[in-house]
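Asker: Provided below for reference: sequence and predicted model.
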Amino acid sequence: MAGAEKTNVMRILEQKKVSYIPHSYPAGDAVDGPSVARFLNVEPMRLFKTLVTVGASKRNYVFCIPGPCTLDLKAAARAVGEKSIAMLRQAELLPLTGYVHGGCSPVGMKKQFPTVIDKSAENWELILVSAGKIGFQVELAPGDLATLIGADWAELTESE
């Protein structure tokens, strides 16, 4: 990706000296985690989507889960000590985080919200998360990501 576009997420990772591998894909063709994983030729469970929620307390929380999975709202609420959790309305995402739907990264939001990464990330040497813009991903060590954003770990996905 020499000479390729850099996103703010990539700049933050470089500033904080976090090692990462940049990836890009055709934005119009890949609309969900599994299709992005296919374009990048990576295991879909290594590609983590970033979900923003609101708790019963009206506080916001961020959850990173494997692309093919669904967030277990009860498990998410338990992980952050809330009575209940709901997904943030799509119209509220950009004003709150600075990111658009499909390009939301756990790195570099307008404000750092409490973040929890699904424990399955610990099974991988490297995972991928959005680089903050549709069409771009960064691949990095899950521990480095957790340290950078101050994330906790929990089981967050619905069991099949």
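Answerer: That came through, no problem.
Asker: can we go C-alpha only for contacts and neighbour counts from here?
Answerer: Noted.
Asker: Alpha carbons of stretch 124-141, in CSV - could you do that?
Answerer: Written as CSV, here are the backbone C-alpha positions of stretch 124-141 (Å, rounded to 0.1, in the frame of the first residue of the first chain):
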residue,chain,number,x,y,z
TRP,A,124,-5.6,-14.6,17.1
GLU,A,125,-2.1,-13.1,16.7
LEU,A,126,-3.6,-10.3,14.6
ILE,A,127,-7.1,-9.0,14.1
LEU,A,128,-8.5,-6.4,11.7
VAL,A,129,-10.6,-3.4,12.6
SER,A,130,-11.8,-0.5,10.6
ALA,A,131,-9.3,2.2,9.8
GLY,A,132,-12.0,4.8,10.3
LYS,A,133,-13.1,5.1,6.7
ILE,A,134,-15.1,2.8,4.5
GLY,A,135,-12.7,0.8,2.3
PHE,A,136,-9.8,0.7,4.8
GLN,A,137,-8.9,-1.7,7.6
VAL,A,138,-5.9,-2.0,9.9
GLU,A,139,-4.5,-5.3,11.1
LEU,A,140,-2.9,-5.3,14.5
ALA,A,141,-2.3,-7.4,17.7
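Asker: Which pLDDT value goes with the residue nearest in space to the middle of the chain?
Answerer: Closest to where the C-alpha atoms of the chain average out (Cα atoms, centre = their mean) is T50, at 2.9 Å. On the pLDDT scale, T50 is placed at 97.
Asker: mind listing the helices for this structure?
Answerer: Here the chain has its helices, by DSSP state H, at 8-15, 33-40, 73-80, 90-97, 142-149.
Asker: tell me the angle of the first one relative to helix 142-149?
Answerer: For helix 8-15 against helix 142-149, the angle by axes from the mean of the first three to the mean of the last three Cα atoms, to 10 degrees is 100 degrees.
Asker: Pull out the buried positions in helix 8-15.
Answerer: V9, M10, L13 (16 or more other Cα atoms under 10 Å).
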